[in-house]
Structure formats: C-alpha cells, structure tokens
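**Student:** Mind looking at a prediction? Sequence and model below.
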Amino acid sequence: MNFELTLGWNFIQAYDDVGIDFTPYKEFVYKYDFQQEMLPKSVTCLCSLKGKATPVHMTIFSAPPWARIKFETDNDELAGKIRQKLLKYSTEDKNGNIYKDWNTRQISNQILARDGLNMNDIQARKGVMSRDCLDALMRHYEETESRFRYDICWLFTREAVPKTELVRVAKWLVNHLAQTRDFSSGDRIQEQLYNHLAVPEIADDLIRLLTDRNFKGRSGFLLEVLAKTKDRRVLEVAASLLDEDTITQRDDYLANSALAIIGRRKAAQHVERVRKFLSHRSPEIRREAKKTMKRLGHPVEIPPAPVHLVKNRRLLPKGLEEWSTNQDMEDLEPTLQTLSKCLQSGFGAKEIAEVAGVVEEMNHDQTKAFCFQVMANKQEEEVWLVIFMDDIDSPDLEIHAGARLIEKFNKAMPQRD
C-alpha cells in the first residue's frame, strides 16, 4: 500500500507518534540543506509501530517548508495506522482535502503577492514589504496555530521589513515570546531576533524576561540576543544569572552563555562568580568556566603540553585494530584510564591529562589525533587515539592498536548496550 501526505519539512515531532526511525530522512534533510542532495529522493526507514521493525519507503518530492512525501510499505494495516497518526501533522484531512487554515505557506504567499513578492523573494533578500503587507502577515501569524508559526516568523527579516518598522516588529515578537508556552515557537522567535531584529529598543524587555525566574523561555540564546543589542547592561545581567541559587537543566545554556559573555568582556571583577562553576554537574559548563577563568587571567589546571599530538592523522599505520565509541565528555577520562590499566607504561595520568586538555579546547566537528609509544604485552608498540567532536559534549573516540591490546582493552571495558 502507498499514500501521499504533505507534512511540515521538520515533522520530526511526529517521530515518536508513528514509531518510525527517521534517521535516514534526517540525514537527507541535513545534506539537502547543504545542497549535497537533490529532489526527488527516496529513503527507507524502519517502523516499529506494530512491534516488529518493518521497512517503510519514503519518497520526498518537494522542498521546505512543506514536504510532499509518498509512503510505501507491503503491510496494508501498518500503512493505514501510519497515515492515521500522521494526519494531525499534515495539511490534509482523512479525505485528502487541504486544511486551508493550516496551509500557512499558501496564505503567506497570497499576502506577499499584494506587493509583488513571494516567500522565495524574501529568502533571496529581494524586495521590501509595505506596511499593509507587514500588518497582514502579523495578523496571519497571530491567527495561525502555534506549531505552524515557524513558517511565518522567518519572513520578518531585516531586509524585508521597512526600516521604519523594525522596532515595532521586534517589540511585537518579544511580546509573543513572553506569552508563548511553546518552546519551539519561542526558539524560532529568539532566532529571528538574533539574526535580524536585535535592535537596542528591545533591551529593556529582554532584561525583564531574562531576570524573571518564572519565564520558561529563558535561554542562553536570549542572553546572546541582548548582547547583540550592544546594551551595556548585558554584563550585569550575565553576572546576576550566575548568582541564582538554582539553575535548571534547561537553563544550563543560559549559564554557559553568561560565562562566555563575562569571558569575552574580560570582566575580572566577576572571577569569584565564575569560580564556583568549575565544579558544576555539566562538563560543558565546567569547560566554559575554565575558559572564562583563563580569559580573566586566572587559568585553572594547566594541562601538560600536547607533545603527542599528530598534525596529520593520515600517518596512522595500516594493520592496527580499532575500538571506537561515541560517549559523553564525562566518560572520556574513565575510558582512557581503563586503557592505561591495560598497559605497562607509556600512557598514564600525565598522558590522559594531556588528551583531556586538548579535547576541552576542541570545537564542534574538529578532529585531533595522538600517537603514544607504549609497553603492552611486554613489547613496544604504538597506540593511536583519534577524537572527533561530534557534538560539543559528545566526542567520538577511536583507539587504534595491536590486536592483542585491543582484545584486552575490550574485555576490560564495561559492556555497551
């Protein structure tokens, strides 16, 4: 059985509902965004909606913000259940009719057409809206269901909004941010403010939201929006956020941004505020605190010089066995300590500290390689470590060594799920 639906391009919110592993779709979207893939495109995903994983073939025909997708599977009952669950994320009803009030793109284009524009023109930074057109889009935004507002929010760009209306639109978006209970909509507003509408006139409102502990939309990104307004009070606000008794897990990025702002401004008067975050539960925040302390002239735990760093990882010898994993930053040192216990010499506490020091300074998508001369199984050999920072807090670790050492290390490591 096969069927077609038009879904929001980022319909990842539907993943859990339909029990489909959409990893192949997400990988395609990522490549498409960087013009590494073209449409139409077919991918195969596994669906566990009925227990046993069953292949579902998806062919994507159209580009953002709506994706026209054809679903195909040999199991008719499963196909029916998938379609039923996806309908609430679709522009169609059960009879295939378009929900016009959901089709935000069509309405947006109708409004823009009054000025001889369309959404592609806005994306290409061509043309400026009239005030009437702008007001109509703002009403359209307010009349649209919260989860579809992202497809309107991005239209309010610095290039498309008349210069005389930038402050009004920015204040209007901040007002919606203060009222929204939808994190996704709030994040989109913050993104638009940061990229296009960080005008000085919204600083007072941003400070009010950032210092309100009851405002659920506080985030590090919102603090960065305030910084981009160039308001001098941003340092004072950042410092006050670090003084709060409790910082929730969602606020971790808020603390991280506050630390970064203090560091960038080299505000040494706040060094004691920063120091307490050296023992924070989050390794990412601990790293940011160390960086900030260094910028303030108070470096902490200077690691050994990276003398084993290899500039060209292509020098990695052939014939070595490999052990690899993706792990949280806090698991890296315990893994390296396990490796150390499998060796007689050449890789101990000093070498582990050297690796950890380099990794703490690595950026997202960066790769580093190390080579160590060690004694293992009563003979000299090389151990290579290759680390790729897949995420800011999740390094991919590869250990390359002789077969006997890798076997010994693998037995010493706790079993992975």
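**Tutor:** Nice, I can see it.
**Student:** low-scoring stretches of the stretch 201-350 of the chain, by residue?
**Tutor:** Residues of the stretch 201-350 of the chain meeting the criterion pLDDT under 70: 245-251.
**Student:** one more time with 50, if that's ok
**Tutor:** In the predicted model of the stretch 201-350 of the chain, residues 246, 248-249 satisfy pLDDT under 50.
**Student:** so where do the strands sit in it?
**Tutor:** Applying DSSP state E, counting those that start in this stretch to the stretch 201-350 of the chain gives strands spanning 309-310, 321-326.
**Student:** ranking those strands by burial, who's on top?
**Tutor:** When the strands of the stretch 201-350 of the chain are scored by mean count of other CB atoms under 10 Å, the highest mean neighbour count falls to strand 309-310 (a mean of 15). (Glycine included, C-beta is placed from N, CA and C.)
**Student:** Can you tell me how far the nearest residue to K341 once chain neighbours are set aside is from P334?
**Tutor:** Nearest residue to K341, sequence neighbours excluded (CB to CB, 6 or more residues apart in numbering): A412, at 6.6 Å. Separation of A412 from P334 (CB to CB, to the nearest Å): 11 Å.
**Student:** cool, Y32 as well?
**Tutor:** Distance of Y32 to P334, given as CB to CB: 38 Å.
**Student:** Mind checking which of these two has more residues around it?
**Tutor:** Y32 (17 against 13; other CB atoms under 10 Å).
**Student:** what's the more buried one sitting at in phi/psi?
**Tutor:** Per-residue torsions, Y32: phi -60, psi -40 (degrees, to the nearest 10).
**Student:** is it true that it touches P40?
**Tutor:** No - using CB atoms under 8 Å, Y32 makes no contact with P40, being 11.2 Å away.
**Student:** all helices of the stretch 51-200 of the chain, in order?
**Tutor:** Along the stretch 51-200 of the chain, counting by DSSP state H, counting those that start in this stretch, helices occupy 76-86, 104-112, 119-123, 131-143, 150-153, 166-179, 183-196.
**Student:** quick one: contacts of the fourth one?
**Tutor:** Around helix 131-143, the neighbours that count as contacts under CB atoms under 8 Å, 6 or more residues apart in numbering are 104, 107-108, 111-112, 114-115, 117, 129, 149, 152-153, 155-156, 161-162, 165, 169, 172, 176.
**Student:** Just give me the neighbour total for K216.
**Tutor:** Counted with other CB under 10 Å, the neighbours of K216 add up to 13.
**Student:** whoops, I mixed them up, L210
**Tutor:** The tally of other residues near L210 (other CB under 10 Å) stands at 23.
**Student:** List the contacts of K41.
**Tutor:** 28, 32, 59-60.
**Student:** for the chain, which strand is longest?
**Tutor:** strand 379-391 (DSSP state E).
**Student:** what lines up beside that one in the sheet?
**Tutor:** strand 367-376 (antiparallel), strand 394-401 (antiparallel) (DSSP bridges).
**Student:** Check whether P40 really touches F61, as I assumed.
**Tutor:** Yes - look at P40 against F61 with CB under 8 Å: they come within range, at 4.9 Å.
**Student:** Looking at the helices of the stretch 51-200 of the chain, which is nearest to C47?
**Tutor:** For the helices of the stretch 51-200 of the chain, the distance to C47 is smallest for helix 76-86, at 6.5 Å, taking CB to CB.
**Student:** got the contact list for the closest one?
**Tutor:** For helix 76-86, with CB under 8 Å, 6+ apart as the criterion, the contacting residues are 1-3, 5, 7, 11, 14, 17-18, 20, 47, 49-50, 54, 56, 71-73, 94.
**Student:** Which positions within that helix qualify as buried?
**Tutor:** Buried positions in helix 76-86, judged by neighbour count with 16 or more other CB atoms under 10 Å: 78-79, 81-83, 86.
**Student:** Give me the distance from that helix to the chain's centre.
**Tutor:** 30 Å (CA atoms, centre = their mean, to the nearest Å).
**Student:** State the mean pLDDT of it.
**Tutor:** Averaging pLDDT along helix 76-86 yields 88.
**Student:** mind saving the C-alpha coords of that helix as PDB?
**Tutor:** Extracted C-alpha coordinates of helix 76-86, given in PDB (Å, rounded to 0.1, in the frame of the first residue of the first chain):
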ATOM      1  CA  ASP A  76      -1.500  -2.500   4.400                       C
ATOM      2  CA  GLU A  77      -2.600  -2.400   8.100                       C
ATOM      3  CA  LEU A  78       0.600  -0.700   9.100                       C
ATOM      4  CA  ALA A  79       0.300   1.800   6.300                       C
ATOM      5  CA  GLY A  80      -3.200   2.700   7.400                       C
ATOM      6  CA  LYS A  81      -2.000   3.200  11.000                       C
ATOM      7  CA  ILE A  82       0.900   5.400   9.900                       C
ATOM      8  CA  ARG A  83      -1.300   7.600   7.800                       C
ATOM      9  CA  GLN A  84      -3.900   7.900  10.600                       C
ATOM     10  CA  LYS A  85      -1.200   9.100  13.000                       C
ATOM     11  CA  LEU A  86       0.500  11.500  10.600                       C
END
